[in-house]
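**Student:** here is a sequence together with a model predicted from it:
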Amino acid sequence: MPDQVSRRAAIGMGAAAAALVASGRPAAAAPAGPTTTVAVGRAPVSGPTGPVGPLGATGTAQTTIRQAYAEQKARAGGVWHSHIAMVNAAGALEVVVADDVDKVTHGYSVQKLAVAVAVMDKIDRGELRLDQKLDLTADIILGGTGIYFLHTVWGDDITVANFLTALLLVSDNTAVRMCGRVVPALEINEILASKGFTHTRVEPVANPNRFFLGVTTPRETHDLLWRLANKTILTPRSADFLLGILRWINGYHDGVRRNMSSAERSRVATKYGADYDELGAARHEAGIMFDAAGAPTLTYAMFADSLRDLDNYGATHPAVQAHAVLGRVMFNTIASTTNRTAKARHSVDQFRPVDGG
């Protein structure tokens, strides 16, 4: 969702992070986690669809991912802030890559995950319903990514479920404004604070029902994803609703899921974000990979900024190409993994084409 550089330049990260903790409840401490030094060598890694080597031990898999991350980061350029973790042989989540994981950074459209969680939290508390309808009027339409601005005529009554699906499946920007109508900016930040997030916030503006998407950190994005997959951040029904959208094969394919079959893509829940500021382009992607039985097995939160190719939002952007290589490498490491200790699982229906009728 590109914005004017002047607005981005005007927002100092420190000031933004401080100003955005406008909440009636105190924010809990950021979740603690182990740190791992990222491998800086450039050991050869196979291409996007090739094998990544023997995976008999978790350590081998982790080394493969670290080497691929170091290589792709160097190739794409820019400044990266990333958190990758996977379930080890004992069933415990173990950090694989921790690269500047507490950097407070603009999340851009990855932040739509946090917004969706806040909306579903209000549903869980019985203050909102998925089938509740709002009018989609011309004055709320926002361009950029999405589908609603393509209608050219407006006036529909749409459900909360409708605009949440558009928010996450096609990263619709108008859907952000629709979310703000049911959960105002300050309430979103209050909900995120109550869930233990210290830095993940939207940026309030004069209109209480509108906001910019705000800031987060790789560690907090990972934490949100892992808790969503384990159904501890929302009720199981609400978590399943969001995961079903994020895993569906009509979603974003240019990055992590590019070099995968439809069956493989359905095992990956992912969210992409892209924009720019005075330092250059930003290309982010965060998500969860599941084992064949629907247990969460690997999480990734990759934020890259200060990149070149400012106006390239396609699959040929160097950072997006890096995501594609890393997606194949990460999936290969967990393709045959079984997370037997999982306390929650999520499944999606196998894709079947339908020829009308």
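**Tutor:** Sure thing, it's come through.
**Student:** when you work out contacts or count neighbours from here on, use the C-alpha atoms and nothing else.
**Tutor:** Will do.
**Student:** now the element after the helix or strand hosting residue 299, going C-ward?
**Tutor:** Per DSSP states H and E: residue 299 is located in strand 296-307. Per DSSP H and E, the first helix or strand lying C-terminal to strand 296-307 is helix 318-334.
**Student:** mind giving me the packing neighbours of that following helix?
**Tutor:** Helices and strands touching helix 318-334, by 3 or more C-alpha pairs under 8 Å, 6 or more residues apart in numbering; DSSP states H and E, are helix 58-76, strand 280-290, strand 296-307.
**Student:** got the angle for it vs strand 296-307?
**Tutor:** 160 degrees (axes from the mean of the first three to the mean of the last three C-alpha atoms, to 10 degrees).
**Student:** which one of the helices and strands packed on helix 318-334 lies nearest to residue 146?
**Tutor:** Minimum separation from residue 146 across the helices and strands packed on helix 318-334 (C-alpha to C-alpha) falls at strand 280-290, 17.1 Å.
**Student:** now the angle from the closest one to helix 318-334?
**Tutor:** Using the same axes, to 10 degrees: strand 280-290 against helix 318-334 is 20 degrees.
**Student:** run the chain-centre distance for strand 280-290.
**Tutor:** Relative to its chain's centre, strand 280-290 lies at 6 Å (C-alpha atoms, centre = their mean, to the nearest Å).
**Student:** strands paired with it, and their directions?
**Tutor:** Applying DSSP bridges, strand 280-290 is found paired with strand 268-277 (antiparallel), strand 296-307 (antiparallel).
**Student:** pLDDT averaged over that strand - what is it?
**Tutor:** Strand 280-290 carries an average pLDDT of 98.
**Student:** mean neighbour count added to the strands paired with strand 280-290, as CSV?
**Tutor:** Rendered in CSV, the data for the strands paired with strand 280-290 read as follows (neighbours: other C-alpha atoms under 10 Å):
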stretch, mean neighbour count
strand 268-277, 25
strand 296-307, 26
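**Student:** now those strands as CSV including mean pLDDT and distance to residue 202?
**Tutor:** Below are the strands paired with strand 280-290 laid out as CSV (pLDDT from 0 to 100; distance: least, C-alpha to C-alpha, whole Å):
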stretch, mean pLDDT, distance to residue 202
strand 268-277, 97, 15
strand 296-307, 98, 17
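**Student:** for residue 199, which of those is the nearest?
**Tutor:** Using C-alpha to C-alpha, the strands paired with strand 280-290 put strand 296-307 closest to residue 199, at 15.0 Å.
**Student:** who's in contact with stretch 119-127?
**Tutor:** 128-130, 179, 182-183, 188, 191, 234-235, 238 (C-alpha atoms under 8 Å, 6 or more residues apart in numbering).
**Student:** of those, which is the most crowded?
**Tutor:** Counting neighbours by other C-alpha atoms under 10 Å, residue 188 comes out on top of the contacts of stretch 119-127 with 27 neighbours.
**Student:** list the residues that contact that one.
**Tutor:** Counting by C-alpha under 8 Å, 6+ apart, residue 188 touches 115, 118-119, 201-202.
**Student:** in helices, which of those fall?
**Tutor:** Among these, the members falling in helices (DSSP state H) are 115, 118-119.
**Student:** tabulate those residues in JSON lines, adding columns for neighbour count and pLDDT.
**Tutor:** Output for the ones in helices among the contacts of residue 188, formatted as JSON lines (neighbours: other C-alpha atoms under 10 Å; pLDDT from 0 to 100):
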{"residue": "115", "neighbour count": "27", "pLDDT": "98"}
{"residue": "118", "neighbour count": "24", "pLDDT": "98"}
{"residue": "119", "neighbour count": "25", "pLDDT": "98"}
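**Student:** and which of those is nearest residue 270?
**Tutor:** When the ones in helices among the contacts of residue 188 are compared for distance to residue 270 (C-alpha to C-alpha), residue 115 comes out closest, at 15.0 Å.
**Student:** now name the helix or strand holding the nearest residue to that closest one once chain neighbours are set aside.
**Tutor:** Closest residue to residue 115 apart from its sequence neighbours, by C-alpha to C-alpha, 6 or more residues apart in numbering: residue 188 at 6.8 Å. Using DSSP H and E, residue 188 sits in helix 185-194.
**Student:** do residue 245 as well
**Tutor:** helix 236-247.
**Student:** what packs against that helix?
**Tutor:** helix 112-124, helix 160-169, helix 218-229, strand 268-277.
**Student:** please repeat the previous calculation with a cut-off of 6 Å.
**Tutor:** Judged by 3 or more C-alpha pairs under 6 Å, 6 or more residues apart in numbering; DSSP states H and E, helix 236-247 is in contact with strand 268-277.
**Student:** and the strand it packs on, C-alpha only, in PDB?
**Tutor:** Output of strand 268-277 as PDB, limited to C-alpha atoms (Å, rounded to 0.1, in the frame of the first residue of the first chain):
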ATOM      1  CA  VAL A 268       1.300 -22.500   4.200                       C
ATOM      2  CA  ALA A 269      -0.500 -19.600   5.800                       C
ATOM      3  CA  THR A 270       1.100 -16.400   4.600                       C
ATOM      4  CA  LYS A 271       0.800 -12.600   4.600                       C
ATOM      5  CA  TYR A 272       2.800 -10.200   2.400                       C
ATOM      6  CA  GLY A 273       3.400  -6.500   2.900                       C
ATOM      7  CA  ALA A 274       5.100  -3.900   0.600                       C
ATOM      8  CA  ASP A 275       5.600  -0.200   0.600                       C
ATOM      9  CA  TYR A 276       8.500   2.300   0.700                       C
ATOM     10  CA  ASP A 277       9.900   5.200   2.700                       C
END
